[in-house]
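Engineer: Next come a sequence and a model predicted from it.
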Amino acid sequence: MTAVSLNAKGKFVDDQAPPGDRDIAVVLHLAPVVLNFASQLSLLPFGGALLTYFLCRNRGPFLKDHAVEELNFQISMLLYGFIAAVLAVILIGLPMLLFLWVIGFVFPIIAAIAAGKREYYRYPLTIRLVHG
């Protein structure tokens, strides 16, 4: 049984999440940022999120929630990136690609900060295809 409570900012916090799970959740959110800079292959962050989901989904509710959220975000980014790439042919997708690059960098950092505080985090603009 976990002790989920609301903090002063109205965010859900798991007070009993083990420090190891918190650390893994932080790395889980920061890994796609590093992988995006290390490689231009856009499937790499998705593969990392998928692998982490399968490895961590049974470790506890806090880590499972963060793994599901990261996987949903990476799936959404993949779909949005495909749409933007198709639209880039007629130059409409170029600003969308830039926007996706920025949110693909900023949102995981925000999520990692929340995970470090043992807070649950929901990515904006995310299609929730995978459920815990």
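Structural biologist: The structure has been received and is ready for your questions.

Engineer: Read off the pLDDT value for the residue nearest to residue 80 when sequence neighbours are not counted.
Structural biologist: If the residues on either side of it in the chain are set aside, residue 80 comes closest to residue 100, at 5.6 Å by CB to CB, 6 or more residues apart in numbering. C-beta coordinates here come from the backbone N, C-alpha and C atoms, glycine included. On the pLDDT scale, residue 100 is placed at 89.

Engineer: Which element, helix or strand, includes residue 100?
Structural biologist: Assigned by DSSP states H and E, residue 100 falls within helix 93-116.

Engineer: Can you pull out the residues in contact with that helix?
Structural biologist: 11, 22, 25-30, 32-33, 36, 45, 66, 69-70, 73, 77, 80-81, 83-88, 120-121, 123-125 (CB atoms under 8 Å, 6 or more residues apart in numbering).

Engineer: Next: stretch 4-23.
Structural biologist: Here stretch 4-23 has contacts from 2-3, 59-63, 114-120, using CB under 8 Å, 6+ apart.

Engineer: Much appreciated, bye for now.
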